[in-house]
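>>> Just a sequence and a predicted model for now, questions to come.
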Amino acid sequence: MKQTTRILCLVATLAAAVAMAQPACAQISVDGGLFDVNGNTSLGGLVSLQVFKTPVLPLAVEVTAVKPFAPQGFAATADARFTVRGTSFGGGIGAGDLGNAGTYRGIYDVLLAQKLAPHLSVEARMWMGQRRPSSGFIGLRASL
């Protein structure tokens, strides 16, 4: 439990530091789609807040909350996202009990997305961690 608390504090501190580096660039994105958690599929969603975007490189940092609608846990991550010609890829770290409800541990994720329209993309993610099953997501991302 102490390790999870430390990880959450680290993620919150990093997100706050990044947010202060370049204010007023926040972008909110909402994803809806299909989760596969430990062999069980369900609908669910993600909410992401962009807290930093570099003016020169195609890099953005986001804080993301993840929740399948079925009782399969949740996660919160800080993600780095690189975007080149409409394709985004990246990864991040965080904490939660996604895929292993009731057992809060560190978690990391990878993502791949393809832009379909100006504020719409299709996105796939995978979450992994120590002593937990991998969890996957595929869905549509709307950026506001």
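In hand now; what should we look at?

>>> bridging residues for the residue lying closest to residue 87 once chain neighbours are set aside?
Excluding its sequence neighbours, the residue lying closest to residue 87 (CB to CB, 6 or more residues apart in numbering) is residue 114, at 5.6 Å. (Glycine included, C-beta is placed from N, CA and C.) Beta-bridge pairing for residue 114 (DSSP bridges): residue 87, residue 122.

>>> Against residue 103, how distant is residue 114?
33 Å (CB to CB, to the nearest Å).

>>> Repeat that for residue 72.
12 Å.

>>> Of those two, which one has the most company?
residue 72 (22 against 13; other CB atoms under 10 Å).

>>> quick check, the more buried one in a strand?
No - under DSSP: H, G, I helix; E, B strand; the rest coil, residue 72 falls outside any strand and is assigned coil.

>>> The chain should start at 74 in everything you say after this.
Sure thing, new numbering starts at 74, so read that last one as residue 145.

>>> Read off the pLDDT value for the residue nearest to the spatial centre of the chain.
Closest residue to the average C-alpha location of the chain: residue 137 at 4.1 Å, with CA atoms, centre = their mean. We have a pLDDT of 96 for residue 137.
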